[in-house]
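[1] Quick one: sequence and predicted model below, then my questions.
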Amino acid sequence: MKGRLLVALVASVLGVAGFGARSQAEVGSVGVIFTKGGFVIGVGGGEGVLTLRGRHYPFTVSGMSVGFTIGASTTKLVGHAYNLRGPASIEGSYTVAGAGGAIAAGAGGVQLVNANGVILQLSGPKVGAELSAAVGGVTIRLKQ
């Protein structure tokens, strides 16, 4: 009886201490500079850095939107990446739908989700003159 109780106690402690597989997603910090311009079709690109576990992972961002877009803007976004399963999970295509705009200077914010389940919540100032009501997407690739 005492032997079974000891085995059950040890198994319980090992399970609570988390000696199983790591299943918890991580949160990283993200900074991006994105420039966009166009008339009807907007095209943009930029660079960013993911900071995860004290390390920096630079990446490129490219994107396009189709709809009402006119002008050009540069947006400096900062925020967080949620549900990361390592730095490579930030890669992929993110779909965006919404309306926004900036004239001279304004604020922009966006929430994006990729196929890996990573959620980017970013915000920051826009500089330039651009109005948009478009559907588009961006692609993120880690630099090698």
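    Nice, I can see it. Numbers count the residues shown, from 1 in each chain.

[2] Thr74 is in what secondary structure piece?
    strand 55-84 (DSSP states H and E).

[3] hang on, isn't Ser89 packed against Val113?
    No. Counting by C-beta atoms under 8 Å, Ser89 stays clear of Val113, with 11.9 Å between them. The way it works is simple: take the backbone N, C-alpha and C, and place the C-beta from them, glycine included.

[4] These two: who's more crowded?
    The neighbour comparison of Ser89 against Val113 (other C-beta atoms under 10 Å) goes to Ser89, with 20 against 15.

[5] Identify the residue nearest that one in space, chain neighbours excluded?
    Excluding the flanking residues, the one nearest Ser89 by C-beta to C-beta, 6 or more residues apart in numbering is Asn116, at 4.5 Å.

[6] Please apply the same query to Asn114.
    Gly92 (3.9 Å).

[7] For the one you found, which residues are in contact?
    Asn114, Ala115, Asn116, Val118, Thr139, Ile140 (C-beta atoms under 8 Å, 6 or more residues apart in numbering).

[8] do you know how far it is from Lys76?
    22 Å (C-beta to C-beta, to the nearest Å).
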